[in-house]
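Enquirer: just the structure for this:
(one chain, ligands or ions: 1)
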Amino acid sequence: MPRVCTVCVHPEREAIDAALVSGTAYTEIARTHEVGREAVRRHANRHLSAALAALRAPTQAGSRAPLSDRIETLIARCEVMFTAAASEGRTAQALAVVKELRACLELAGRASGELRDQPAVVVNLQTSPEWLQVRAVILTALMAYPEARAAVSGRLLELESGQ
Ligand SMILES: [Zn+2]
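Expert: The predicted structure follows:
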(Lines give C-alpha, C1' and ligand atoms only; values in the text may rest on other atoms or scores of the structure.)
Protein backbone atom coordinates (compact mmCIF):
# COMPACT_ATOMS: atom_id res chain seq x y z
CA MET A 1 0.00 0.00 0.00
CA PRO A 2 1.45 3.41 -0.92
CA ARG A 3 2.16 5.62 2.06
CA VAL A 4 0.39 8.95 2.34
CA CYS A 5 2.78 11.87 1.81
CA THR A 6 2.93 13.73 5.12
CA VAL A 7 3.78 16.95 3.30
CA CYS A 8 0.83 16.73 0.86
CA VAL A 9 -1.62 16.35 3.73
CA HIS A 10 0.21 18.89 5.92
CA PRO A 11 -1.92 21.90 6.97
CA GLU A 12 1.03 24.13 6.05
CA ARG A 13 1.62 22.52 2.68
CA GLU A 14 1.45 25.83 0.82
CA ALA A 15 4.09 27.32 3.06
CA ILE A 16 6.26 24.24 2.58
CA ASP A 17 5.86 24.43 -1.21
CA ALA A 18 6.69 28.12 -1.12
CA ALA A 19 9.79 27.40 0.97
CA LEU A 20 10.85 24.70 -1.50
CA VAL A 21 10.35 27.08 -4.41
CA SER A 22 12.43 29.75 -2.73
CA GLY A 23 15.23 27.23 -2.28
CA THR A 24 15.08 26.73 1.49
CA ALA A 25 17.09 23.70 2.64
CA TYR A 26 15.11 20.50 3.22
CA THR A 27 16.49 20.25 6.75
CA GLU A 28 15.30 23.72 7.63
CA ILE A 29 11.84 23.11 6.16
CA ALA A 30 11.61 19.83 8.06
CA ARG A 31 12.48 21.59 11.31
CA THR A 32 10.18 24.57 10.77
CA HIS A 33 7.15 22.50 9.86
CA GLU A 34 7.90 19.44 12.00
CA VAL A 35 7.97 16.91 9.19
CA GLY A 36 10.63 14.39 8.24
CA ARG A 37 13.48 15.64 6.08
CA GLU A 38 13.07 12.54 3.88
CA ALA A 39 9.36 13.34 3.48
CA VAL A 40 10.23 16.88 2.36
CA ARG A 41 12.76 15.58 -0.15
CA ARG A 42 10.31 12.99 -1.52
CA HIS A 43 7.53 15.55 -1.73
CA ALA A 44 9.80 18.03 -3.53
CA ASN A 45 10.81 15.40 -6.07
CA ARG A 46 7.43 13.85 -6.68
CA HIS A 47 4.62 16.19 -5.78
CA LEU A 48 5.62 19.77 -6.44
CA SER A 49 3.61 20.80 -9.48
CA ALA A 50 5.41 21.23 -12.78
CA ALA A 51 5.09 25.00 -12.49
CA LEU A 52 6.65 25.05 -9.05
CA ALA A 53 9.38 22.67 -10.11
CA ALA A 54 10.26 24.86 -13.07
CA LEU A 55 10.58 27.79 -10.69
CA ARG A 56 12.74 25.78 -8.35
CA ALA A 57 15.22 24.70 -10.99
CA PRO A 58 16.94 28.07 -11.48
CA THR A 59 17.39 28.38 -7.70
CA GLN A 60 19.34 25.17 -7.60
CA ALA A 61 21.41 26.29 -10.55
CA GLY A 62 22.34 29.32 -8.48
CA SER A 63 20.30 31.87 -10.38
CA ARG A 64 19.88 35.16 -8.56
CA ALA A 65 16.82 36.26 -10.51
CA PRO A 66 14.09 37.36 -8.14
CA LEU A 67 11.13 35.02 -7.79
CA SER A 68 8.81 37.51 -9.47
CA ASP A 69 11.05 37.62 -12.58
CA ARG A 70 11.12 33.85 -12.76
CA ILE A 71 7.34 33.69 -12.48
CA GLU A 72 7.07 36.26 -15.27
CA THR A 73 9.39 34.16 -17.42
CA LEU A 74 7.29 31.11 -16.74
CA ILE A 75 4.09 32.98 -17.61
CA ALA A 76 5.67 34.18 -20.85
CA ARG A 77 6.68 30.60 -21.71
CA CYS A 78 3.17 29.37 -20.96
CA GLU A 79 1.72 32.04 -23.24
CA VAL A 80 3.99 30.97 -26.07
CA MET A 81 3.04 27.32 -25.53
CA PHE A 82 -0.60 28.26 -25.39
CA THR A 83 -0.51 30.22 -28.64
CA ALA A 84 1.24 27.32 -30.37
CA ALA A 85 -1.25 24.77 -29.08
CA ALA A 86 -4.27 26.95 -29.80
CA SER A 87 -3.18 27.92 -33.30
CA GLU A 88 -2.81 24.25 -34.18
CA GLY A 89 -6.16 23.37 -32.64
CA ARG A 90 -4.61 21.17 -29.92
CA THR A 91 -7.35 21.80 -27.38
CA ALA A 92 -6.25 19.39 -24.66
CA GLN A 93 -2.76 20.82 -24.66
CA ALA A 94 -4.05 24.38 -24.69
CA LEU A 95 -6.19 23.61 -21.67
CA ALA A 96 -3.26 22.05 -19.83
CA VAL A 97 -1.30 25.24 -20.45
CA VAL A 98 -4.21 27.34 -19.22
CA LYS A 99 -4.16 25.41 -15.96
CA GLU A 100 -0.43 26.04 -15.60
CA LEU A 101 -0.95 29.70 -16.40
CA ARG A 102 -3.59 29.95 -13.73
CA ALA A 103 -1.22 28.37 -11.22
CA CYS A 104 1.52 30.80 -12.28
CA LEU A 105 -0.77 33.78 -11.88
CA GLU A 106 -1.80 32.64 -8.42
CA LEU A 107 1.84 32.20 -7.56
CA ALA A 108 2.65 35.63 -8.94
CA GLY A 109 -0.19 37.09 -6.92
CA ARG A 110 1.04 35.45 -3.77
CA ALA A 111 4.65 36.41 -4.44
CA SER A 112 3.73 40.05 -4.98
CA GLY A 113 1.52 40.02 -1.91
CA GLU A 114 -1.61 40.88 -3.88
CA LEU A 115 -3.31 37.67 -2.88
CA ARG A 116 -1.92 37.42 0.64
CA ASP A 117 -4.29 36.63 3.50
CA GLN A 118 -7.08 36.04 1.07
CA PRO A 119 -8.10 32.40 1.22
CA ALA A 120 -10.38 32.52 -1.82
CA VAL A 121 -7.56 32.94 -4.32
CA VAL A 122 -9.71 31.73 -7.20
CA VAL A 123 -12.34 34.37 -6.61
CA ASN A 124 -9.71 37.10 -6.63
CA LEU A 125 -8.14 35.73 -9.75
CA GLN A 126 -11.29 36.42 -11.72
CA THR A 127 -10.93 40.13 -11.15
CA SER A 128 -7.15 40.24 -11.61
CA PRO A 129 -6.27 42.28 -14.71
CA GLU A 130 -3.58 39.76 -15.69
CA TRP A 131 -6.03 36.91 -15.67
CA LEU A 132 -8.63 38.87 -17.64
CA GLN A 133 -5.93 39.72 -20.16
CA VAL A 134 -4.81 36.10 -20.49
CA ARG A 135 -8.43 35.04 -20.75
CA ALA A 136 -9.06 37.51 -23.57
CA VAL A 137 -5.90 36.38 -25.39
CA ILE A 138 -6.98 32.75 -25.06
CA LEU A 139 -10.47 33.28 -26.39
CA THR A 140 -9.26 35.50 -29.22
CA ALA A 141 -6.64 32.96 -30.25
CA LEU A 142 -9.33 30.30 -30.43
CA MET A 143 -11.68 32.35 -32.66
CA ALA A 144 -10.76 30.18 -35.63
CA TYR A 145 -11.65 27.02 -33.70
CA PRO A 146 -15.24 27.39 -32.50
CA GLU A 147 -15.37 23.91 -31.02
CA ALA A 148 -12.11 24.28 -29.12
CA ARG A 149 -13.19 27.76 -28.07
CA ALA A 150 -16.44 26.46 -26.60
CA ALA A 151 -14.60 23.71 -24.73
CA VAL A 152 -11.96 26.08 -23.39
CA SER A 153 -14.46 28.73 -22.35
CA GLY A 154 -16.52 26.08 -20.55
CA ARG A 155 -13.44 24.92 -18.66
CA LEU A 156 -12.47 28.51 -17.83
CA LEU A 157 -15.87 29.08 -16.26
CA GLU A 158 -15.40 25.94 -14.20
CA LEU A 159 -11.93 27.06 -13.10
CA GLU A 160 -13.25 30.48 -12.16
CA SER A 161 -16.09 29.04 -10.13
CA GLY A 162 -13.42 27.15 -8.22
CA GLN A 163 -14.05 23.63 -9.47
ZN1 LIG B 1 3.71 15.20 -1.23
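Enquirer: buried residues, stretch 29-39. List them.
Expert: The neighbour-count check on stretch 29-39 (16 or more other CB atoms under 10 Å) flags Ile29, Ala30, His33, Val35, Ala39 as buried. The C-beta positions use only the backbone N, C-alpha and C, and glycine is treated the same way.
Enquirer: what helix or strand is the residue nearest to the spatial centre of the chain located in?
Expert: Nearest to the geometric centre of the chain sits Ala103, at 2.5 Å (CA atoms, centre = their mean). Assigned by DSSP states H and E, Ala103 belongs to helix 91-112.
Enquirer: got it, and Ala136?
Expert: Using DSSP H and E, Ala136 maps to helix 129-141.
Enquirer: what's the helix or strand that comes right after that helix in contact with?
Expert: Following helix 129-141 in sequence order, the next helix or strand is helix 146-160 (DSSP H and E). Contacts with helix 146-160, where a contact means CB atoms under 8 Å, 6 or more residues apart in numbering, come from 86, 89, 91, 94-95, 98-99, 102, 122, 125-126, 135, 138-139, 142-143.
Enquirer: so for helix 146-160, mean pLDDT?
Expert: Mean pLDDT, helix 146-160: 82.
Enquirer: buried ones in it, by neighbour count?
Expert: For helix 146-160, by 16+ other CB under 10 Å, it's Ala148, Arg149, Ala151, Val152, Arg155, Leu156, Leu159.
Enquirer: the ion versus the fourth one, what's the distance?
Expert: Counting by CB to the ion, to the nearest Å, the separation of Val152 from the ion is 30 Å.
Enquirer: that residue and Ala111: what is the separation?
Expert: Distance of Val152 to Ala111, computed by CB to CB, to the nearest Å: 26 Å.
Enquirer: can you list the residues of the chain near the ion?
Expert: Selection of the chain residues close to the ion by CB under 5 Å from the ion yields Cys5, Val7, Cys8, His43, His47.
Enquirer: so which of those is the most crowded?
Expert: Taking other CB atoms under 10 Å as the neighbour criterion, Val7 ranks highest of those with 25 neighbours.
Enquirer: many thanks, have a good one.
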